[in-house]
Each structure stands twice: as C-alpha cells, then as structure tokens.
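Asker: The sequence isn't on hand, but the structure is:
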C-alpha cells in the first residue's frame, strides 16, 4: 500500500502542475472514454487508436479519463496491449478497471496495477476534486462491488476534502442496483459536495440520477451502429458542464447533456431511498451469528478449518488464522499478491496459493512457512489434498502435483489451455479440473498421465472453469456459463447427458445420489447421479431472482446451503428442495460455505466478512 501511495502522490503532483494554467482561466476540457474492450475483436484496437489520435490533435483537451472495460478478458496480453496503445497518447490519463478487466484475470487483478501503477485515483483540476476507483467484481462472477480497500480509501479522501470543494466521481458501473455496495459509496460521497458521477458499462450516452446525485453514462469507444468509434468530450465553463459525443473521424455531435453545478450542494438526511435491507432475517430467525470479523480487505475465497483454527486469505495478500471460539486473530502471514484461493488442510498443515506465484504450506499452529513452491505466473486457483499429495493449477499452463511433506514436484502437466481458477475434484481414480480454455481435464493421480480432455467447444467465456466439479457413480458433473449441466463418463471423458440449467454453482448430496444445480433465475434443481439420462429428482423455485454467483453448494444435516451473489444464504431440504430458512449476511457475494458439524457453518463474503453461524 505504501508503494501505491507514493506512485499516486508523484503522479498527481505532475498533473496538478500541468493543469494549473487552465485552472486560472476557469475553463477545462477533458475526454471521457469507456468500454474499449481490447481483445473483443481485431477492430477494437483500431477503434482505440483512432480515438487516441483524434484526442492527440486537440490542444484544448487537458487529460483523459478511462472508465473501465479497457480489455475484453482481462488477460495479461490484452492489458499490456492497451498500455502500449496508451503510450501513443500525448495527454495525461487516469484509468480504472471494469468487470471485463477483473472477472477473468489470470493474474488475480495484479497486472492492471503493475502496468498502470494504481487502482484508484484522486486529483484536482479547476478546483474540482476528481475521484475514481475500480468496482470489480474481482475474479468472481457477480454484480459490481467496490473493493473493501477502495471503500476505506474513498471515505478517507472524501472526508479530507473541503466542504465547499466540488467532487466528480468516476466508476465503471452506475451507482445503482448493478453495484452491490452502491449505498455505501453513495453515503460516502454525500458527506461532501458531490456534483457529478460518471460511468460506463452501458455502452450508451445516458443522463442518470443516483439518489439525487446527477450522473452520466458515456458511450463505448467501439464502433456504434453508424460505424464510428468515439468518446465523450466534457466541457467545464464556470458552473456549467456540457457533454458532447466526439467521433474519432473528427466530428463533434451536438451537446446531449448540460449540467449546472450548484454551490455547496448537500443531501438532506430526511430523504430516504429504497435499498437492500436485512428484513428477511426477521422472517427466518433460525440462523444465529456466533461471531463475525470484518477484514480491511476483500475476501475472495472460502475458509478451511483444522482443530481450533479458521484459515483464510484476503486480497491484501494476507493469510490469517482465527480462533474458532472467539474469531480473534491468532496469526497472520503476508504474501506479495492478492489471494483468491480457498485453503486446503491436512493434519497440522495448511496449503494456500497467492497471486505472487507461490503455493505456501504453513504450520497451522504458528503460521510458519514449511515450504513454498514457486510458479512463474500467478496462482488464482485453490489446491486439493489427497494423502501426501497436493494438486493445484496455475496461470502458466501447468497443473502440478507436489508432496505435502516436502513441496517436491511429483508430476506436472504442461499443456493446459487457458488458466485455472477453481479447485480440482480428486480421488484415487483421477484428478479433474477445468480451465478458461474451454477444457476439462482428467489426470492419473499418481503419474499425471492425461486420461482424457473434454471440451464443450463454446469458447473461453463459456468454459467449465469456475465450477468445482463433483463426482458420483462413475460420472463427473459440471455446469458451465452456457447454462448447461453436463454428466461426463469419469473413465472416458464422453458426455453421458446434458440438460438446461445451471451456470457455475453445483453441489452433491451426502449420499452421492443427487447433484444440486443453482440456475440463474430463482430455481435450484436436483438431478439423479444414478441415471444415464437427465433425470430430475425435484425442482425448487426458491425465489432468489437473477443470480450468477459461482460459489459451490454445500450440504450438512439434510440441508443444502445455496450461496448467492447478494449476500443471502438459502437453506433447502435435501429431500424435496423446500426452503428451510433464508438469511442475509452481507450486500456482497457469499463464497464457499463450509459446514463444520454441530449445526454450524463458516462463511466468508466478498466484502471481507468472516462469520461463524449456528442454525
């Protein structure tokens, strides 16, 4: 964090000097770009170059703001290409990531920071404070979520801003229901003189309002229906702000929005707006929170439990152990990268991956490093342990088996297409894992021989990569973003059956006779694992609405626990799918729910909550 702060201070000091002349005359012009999507097509880069060249020819433009979805898939190659193209720009620029830059990031959202030097920015121009931060979702399919670190930063900067100074806030997403913690962001901004919020994401020019805060959405830089790439020119003259679409061909369209800034704008406390709330918990009082810890960082994976220690990692790169009784921190180990890996435990050892490229084996009692295996690329995947072997994939095209006792490599498979994000299913017959190259692999657990390679042939965005596979009765089961459930012969890799339903969230019953599939709209389906056809055991219309969280479904005490992307857990009866209880823990995605016996569960949420609860 110190490195980020120094980079930001240096960057903004330079820009303040550059803009001083324009501050003195009371006028300012800047360019606003969004949704560039480098990598979506060969033409995206050409569209970007055309807009950059057009901006370069306009002396009146003082700086450029780029509001996310710079790339299509967030790959290192796409981010570096975007940075190379931005080197053509002869103006200062401020850049934020969007969901396309962060959801499928093979580096665990590190490359964007490494290339551009920051993840949020603050600078003053024309006595206006410009604030911008990233909005995820980071690595997990879900609505937007401003990371916990960015929330804390934003609050500190806003509070330090003089009451009379106008603020313009920039984010990729609109500050509405599309962002899980939009209310928290709005509450922070309303503490001071917020005049305007700017966003992309919708690929169109729109005038918006966020609980009384004037807002605009800008067009995508990609060619529009008329075949023209373009961006937004923003003209500030005194208290007036004009928004004008600019075509990269050199033509400016008429002003489509004019905003009049007001002196010392305030937001009355007596005006209330509808927001997500926790009222559902009064209807279902069955779940009781034993203890809750609020981390200062996002938590993008589940926890592991061994004896009296709860182990988890966060996006500040820390591995932490909590006391199972009190939730108090027992020890903490710092890594050099964000962590999106659910730890695995065996005996007195815990294994967890970091995006610094290392797989760490730590002593559960003390946190001491027992061994460390280094990969040449980030590791965003979760390890699995069987006997004395640890199995994990990485972002360098490798899947590796290591000795749990020594960290020595037992075998490697070198030809993974795409990167690996999820946790493998392991048993004595095979190791099964999907990748963001649209493949599902099966390896011999002892020698690493490739047993088979399955693909749905649908392209990287529809890969069986975020799902934790499950296996029963000779079949491997996965769900894919194409909204299909697959049963695959575990020996041959041949598809036995497929059925509509699902996305990336799957679970299996205690007796292994049923799999549970969460669909993207209201419903959970139970399929039989015994049948060679897609036999539905039950279908439950639960009522969670539109739902895209990839977190696995878990089972305990005849209940299945269904995690959602809006911080709500649904507990259903295994026998028929009827709702037993519902409980909201957060306004953020629920990660893997770990059953720990005695009618207790351990839960983490993407906004940094670690919770033990009883039911």
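Answerer: Perfect, thanks for sending it. Here the structure is a predicted model, which is why all the values come from computation and not from measurement.
Asker: Just the helices from this structure, written as ranges.
Answerer: Along the chain, counting by DSSP state H, helices occupy 2-25, 42-56, 76-86, 99-102, 110-116, 148-159, 182-189, 280-283.
Asker: Mind checking the pLDDT average for the longest one?
Answerer: With pLDDT averaged residue by residue, helix 2-25 scores 39.
Asker: And residue 386, how close does it get to residue 404?
Answerer: Relative to residue 404, residue 386 is positioned 9 Å away (criterion: C-beta to C-beta, to the nearest Å). (C-beta placed from N, C-alpha, C; glycine too.)
Asker: With residue 459 instead?
Answerer: Looking at residue 459 against residue 404, where the rule is C-beta to C-beta, the gap reads 36 Å.
Asker: on that earlier part again, looking at residue 386 and residue 404, which one has more neighbours?
Answerer: More neighbours surround residue 404 than the other of residue 386 and residue 404, with 22 against 17 (other C-beta atoms under 10 Å).
Asker: Would you agree the more buried one is in contact with residue 349?
Answerer: Yes. Under the contact definition of C-beta atoms under 8 Å, residue 404 touches residue 349, with a separation of 6.4 Å.
Asker: Find the residues that touch each one of these two.
Answerer: Overlap of the contact sets of residue 404 and residue 349 (by C-beta atoms under 8 Å, 6 or more residues apart in numbering) consists of residue 361.
Asker: Among the helices of the chain, show me which one is buried the most.
Answerer: Among these, judged by mean count of other C-beta atoms under 10 Å, the one packed with the most neighbours on average is helix 99-102 (a mean of 26).
Asker: Now tell me what touches that one from outside.
Answerer: Residues lying outside helix 99-102 but in contact with it, judged by C-beta under 8 Å, 6+ apart, are 37, 68-74, 79, 109, 112, 134-139, 144, 172-173, 201.
Asker: Just those residues: which are in strands?
Answerer: Helix and strand membership here follows DSSP state E; of those, not one is in strands.
Asker: Stretch 345-362: end-to-end distance?
Answerer: With C-alpha to C-alpha, to the nearest Å as the measure, stretch 345-362 spans 10 Å from end to end.
Asker: Now do it: distance to the chain's middle.
Answerer: A distance of 22 Å separates the C-alpha centroid of stretch 345-362 from that of its chain, computed with C-alpha atoms, centre = their mean, to the nearest Å.
Asker: who touches the residue lying closest to residue 286 once chain neighbours are set aside in this structure?
Answerer: Beyond its immediate neighbours in the sequence, the residue positioned closest to residue 286 (C-beta to C-beta, 6 or more residues apart in numbering) is residue 581, lying 4.0 Å away. Neighbouring residues of residue 581 by C-beta under 8 Å, 6+ apart: 284, 286, 287, 571, 615.
Asker: can you pull the contacts of the last one?
Answerer: What that stands for is residue 615. Residue 615 makes contact with 286, 287, 288, 559, 571, 581, 599, 600, 601 under the criterion C-beta under 8 Å, 6+ apart.
Asker: I'd like to know how far residue 228 sits from residue 199.
Answerer: With distances defined as C-beta to C-beta, the gap from residue 228 to residue 199 amounts to 21 Å.
Asker: The two: which is more packed in?
Answerer: For residue 228 versus residue 199, neighbours defined as other C-beta under 10 Å are more numerous around residue 199 (30 against 18).
Asker: Surely the more buried one is in contact with residue 169?
Answerer: No. No contact is recorded between residue 199 and residue 169 when judged using C-beta under 8 Å, the distance being 9.0 Å.
Asker: what's the neighbour count on residue 410?
Answerer: Using other C-beta under 10 Å as the criterion, the residues surrounding residue 410 number 18.
Asker: quick one: pLDDT of it?
Answerer: In this prediction residue 410 is given a pLDDT of 98.
Asker: correct me, but it touches residue 404?
Answerer: No. In this structure, residue 410 is not within contact of residue 404 by C-beta under 8 Å, at 9.9 Å.
Asker: returning to what we had before: in strands, which of the contacts of residue 581 appear?
Answerer: Judged by DSSP E, the subset of these located in strands is residue 571.
Asker: Which pair of the contacts of residue 581 spans the longest distance?
Answerer: The most widely separated members of the contacts of residue 581, counting by C-beta to C-beta, are 284 and 615 (9.8 Å).
Asker: Verify the stated contact: residue 501 with residue 515.
Answerer: No. Distance between residue 501 and residue 515: 10.8 Å, which falls outside the contact criterion (C-beta under 8 Å).
Asker: Mind checking which of these two has more residues around it?
Answerer: Ranked by neighbour count (other C-beta under 10 Å), residue 501 and residue 515 place residue 515 first, with 26 against 21.
Asker: Quick one, grab the pLDDT at the more buried one.
Answerer: The predicted local distance difference test score for residue 515 is 98.
Asker: close enough to count as contact, it and residue 524?
Answerer: No. Proximity of residue 515 to residue 524 does not meet the contact threshold set by C-beta under 8 Å, at 10.8 Å.
Asker: low pLDDT regions in the stretch 1-150 of the chain?
Answerer: 1-26 (pLDDT under 70).
Asker: can you give me the strands for the stretch 451-600 of the chain?
Answerer: Shown for the stretch 451-600 of the chain, the strands assigned by DSSP state E, counting those that start in this stretch span residues 470-472, 475-480, 484-489, 495-500, 506-508, 514-518, 521-528, 536-546, 554-556, 559-563, 568-573, 579-584, 594-597, 600-604.
Asker: Please consider this matter closed, and thank you.
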